[in-house]
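1. Make a model of this:
(one chain, ligands or ions: 1)
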Amino acid sequence: MPIDRRDFLKFGSLTALGSVCSDGFGAAAASPAPSQGAPGAPADHTLRIARSLIELAPDHIVSTTAYNSQFPGPLLRLKEGQRVTVDVHNDTDVPEQLHWHGQFLPIDVDGAAEEGTPYIPAKSMRRISFVPGPAGFRFYHTHLVAGDNLAIGQYNGLVGPVYIEPRHEPGAYDREVFLTLKEFEPFFSKGGDMAMDFLRPGEHEHSLEERGESAMKASLAQGATRGYEVGYQTFSINGRMCGHGEPIRVKAGERVLFHILNGSATEIRSLALPGHVFKVTALDGNPVPHPADVPVLWLGTAERISAIVEMKRPGVWVLGDLADDDRNHGMGIVIEYANQRGKPQWIKPKPFAWDYRRFAQLNGHTAAPDETIELVFAKRNAANRGFNVWTINDVPFDMAAMLPKFDLKHGKRYRLRMRNASDDIHPMHLHRHSFEIASIAGQPTAGVIKDVAMLGGYQTMEVDFTADQLGLSLFHCHMQLHMDFGFMTLFDCA
Ligand SMILES: [Cu+2]
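-> Presented below is the predicted three-dimensional model:
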């Protein structure tokens, strides 16, 4: 989809506006792009990273970094197997990485410095080219180490959806709606996160719990407070706080396919639409073996859910987060039936537990892998200037040393046995591959293919994947605050 003249003009005026309002950051954007690498032919897509003003509500405009001065970044519709070129301009003064989340791409374009992807230099651009795949709902986002700097990385508005069209689309729906969930205006707080208890199976593993609890007790006994967490002042869907922006207008009887992305830096989200159910058809863009109806969706950071909602309860409703505070600060969007008026209604759903096995093969078991890799995740409370440090097999990730790192043999099937000795839920992400969930808290399962999966507190999850991508693949907790403070490792496939 080349940018047409109208889009270019619109885009040009937006960046010009940005240069007036955003402290000079937009100035480079208003002038023609410096064409490093002599692009010649225009790229199929252009993404421009710049400080921008995003209007979450008329009286609430935030300054953040975004793609093409919009939030979310533009929806990129790509075709499976059909090569694309993308020009990524970086108008900021921070070198950037753009990660193509959920795709199987070589390391020079995947978008992780830890793997060796070149940075998009500050005030410069990089043209990249790749063959999209696999088909389904993917996304792109920044991939920096933000550390204690809430002005960079995923704390910004650097998220956009990708849809890779399959060769055959089943099409049992009337239309598609893409939703990106995102918080803005982050801040640090002390005192720890609330434990969340929505995952099933929910049983804790005694030895993991003992290890985590005794480490925490020892730290607090030495006078430490609990490590920092991140909170947010504003919440949005598609860059608008609930009630602002256009409602999603539907007709009775319509079947709407929602593609929902949790674009948060750190938060787990839930969603419900009063009086309606979601038929979940795909997780992380991959069709599930057993599409099932659920009243509530839960999404860890970077997870995607595709679900069909049959519109059969006319009214004006809030599709919103179950957390009252977050929803009241914007995490929702209005669904308005034709010829219906009035204040959008929210009805709190009954508690609903989230279980990936609901969408799995019935009584499925995965085949034994060639090899199992044991991974124990643990927290060192407030160990780095008040920030929690995260370890994999007792080692926090060190990019200088490139440790920890695991060697893989090309073509072999591996099982990651992930054991969580902390009470936090971690959305675990593997770059350049997808994996199959093999067990959750000791319960075997099969057929659910993902690239991020929530690992419950004091639980074990096993995931299987085939090492079919040469070179380095990053594996990490997708919460920015966790990955930045050690929660990463590399797989090196030869
Ligand atoms: Cu984590």
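2. Once you drop chain neighbours, what's closest to residue 49?
-> Of all residues beyond its chain neighbours, the one nearest residue 49 is residue 90 (4.8 Å), with distances taken as C-beta to C-beta, 6 or more residues apart in numbering. Every residue, glycine included, has its C-beta placed from N, CA and C.
3. Contact partners for the one you found?
-> For residue 90, the set of contacting residues under the criterion of C-beta atoms under 8 Å, 6 or more residues apart in numbering consists of 49, 96, 120-126.
4. If you rank these by neighbours, which is first?
-> Neighbour counts for the contacts of residue 90 peak at residue 49, which has 26 neighbours (criterion: other C-beta atoms under 10 Å).
5. confidence score at it?
-> Per-residue confidence for residue 49 comes out at a pLDDT of 98.
6. Same check on residue 302?
-> As predicted, residue 302 sits at a pLDDT of 98.
7. pretty sure it contacts residue 431?
-> No - under the contact definition of C-beta atoms under 8 Å, residue 302 does not touch residue 431, with a separation of 11.3 Å.
8. residues near residue 351, how many?
-> Using other C-beta under 10 Å as the criterion, the residues surrounding residue 351 number 9.
9. What helix or strand is it located in?
-> For residue 351, there is no helix or strand it lies in under DSSP states H and E.
10. Tell me, how many residues neighbour the nearest residue in space to it that is not next to it in sequence?
-> Taking C-beta to C-beta, 6+ apart as the measure, residue 351 lies nearest to residue 198, with 7.9 Å between them; neighbours along the chain are not counted. Per other C-beta under 10 Å, the neighbour tally for residue 198 reads 18.
11. got it, and the one 5 residues further on?
-> Other residues within reach of residue 203, judged by other C-beta under 10 Å, total 13.
12. and what of the one 4 residues further on?
-> Residue crowding around residue 207 was assessed by other C-beta under 10 Å; the count is 11.
13. wait, what's in contact with it?
-> When contacts are counted by C-beta under 8 Å, 6+ apart, residue 207 touches no other residue.
14. All further residue positions should be reported with the first residue as 370.
-> Got it, the first residue is 370 from now on, which makes the last one we talked about residue 576.
15. that's a strand at it, yeah?
-> No - according to DSSP: H, G, I helix; E, B strand; the rest coil, the state of residue 576 is helix, so it is not within a strand.
16. On the pLDDT front, check the residue nearest to residue 720 for me.
-> As summarised for this prediction, residue 567 has a pLDDT of 96.
17. same question, residue 844
-> 98.
18. Just to check, it is in contact with residue 797?
-> Yes - under the criterion of C-beta under 8 Å, residue 844 lies in contact with residue 797, with a separation of 7.3 Å.
19. The ion versus residue 770, what's the distance?
-> When C-beta to the ion, to the nearest Å is applied, the distance between residue 770 and the ion equals 21 Å.
20. how many other residues sit next to that residue?
-> Every residue meeting other C-beta under 10 Å relative to residue 770 is counted, giving 9.
21. which stretch of helix or strand covers residue 468?
-> strand 467-470.
22. Which neighbouring elements make contact with that strand?
-> Applying 3 or more C-beta pairs under 8 Å, 6 or more residues apart in numbering; DSSP states H and E, we find strand 467-470 packed against helix 476-479, strand 505-511.
23. Surely residue 429 touches residue 603?
-> Yes - applying C-beta under 8 Å as the test, residue 429 and residue 603 come out as touching, 6.4 Å apart.
24. shared neighbours, these two?
-> Shared between the contact lists of residue 429 and residue 603 (criterion: C-beta under 8 Å, 6+ apart) are residues residue 610.
25. which residue sits closest to residue 626, ignoring its sequence neighbours?
-> In this structure, residue 626 finds its nearest non-sequential neighbour in residue 542, 3.9 Å apart by C-beta to C-beta, 6+ apart.
26. doesn't residue 619 make contact with that neighbour?
-> No - counting by C-beta under 8 Å, residue 542 sits too far from residue 619 to count as a contact (11.9 Å).
27. Quick check: neighbours shared by the two?
-> residue 625.
28. Tell me where the model's unsure across the stretch 470-619 of the chain.
-> 538-540, 560-564 (pLDDT under 70).
29. Tell me where it has strands.
-> Here the stretch 470-619 of the chain has its strands, by DSSP state E, counting those that start in this stretch, at 493-499, 505-511, 528-534, 544-558, 598-606, 617-619.
30. For the ion, find the nearest of those strands.
-> Evaluated over the strands of the stretch 470-619 of the chain, closeness to the ion peaks at strand 598-606, with 11.3 Å, by C-beta to the ion.
31. still on that earlier bit, who has more neighbours, residue 671 and residue 800?
-> Neighbours per residue (other C-beta under 10 Å) separate residue 671 from residue 800, with residue 800 holding more: 28 against 25.
32. got a list of what the more buried one touches?
-> Neighbours of residue 800 in contact, by C-beta under 8 Å, 6+ apart: 468, 479, 481, 484, 842-844.
33. residues in contact with residue 842?
-> Contacts for residue 842 (C-beta under 8 Å, 6+ apart) come out as 484, 799-802, 859-860, 862.
34. Paired strands for the helix or strand containing it, with orientation please.
-> Assignment of secondary structure by DSSP H and E places residue 842 within strand 840-846. Paired with strand 840-846 in the same sheet, following DSSP bridges, are strand 795-799 (antiparallel), strand 857-862 (antiparallel).
35. can you redo the contacts of residue 800 as a markdown table with distance to the ion?
-> Rendered in a markdown table, the data for those read as follows (distance: C-beta to the ion, whole Å):
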| residue | distance to the ion |
| --- | --- |
| 468 | 17 |
| 479 | 21 |
| 481 | 17 |
| 484 | 20 |
| 842 | 18 |
| 843 | 14 |
| 844 | 12 |
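36. Noted, bye for now.
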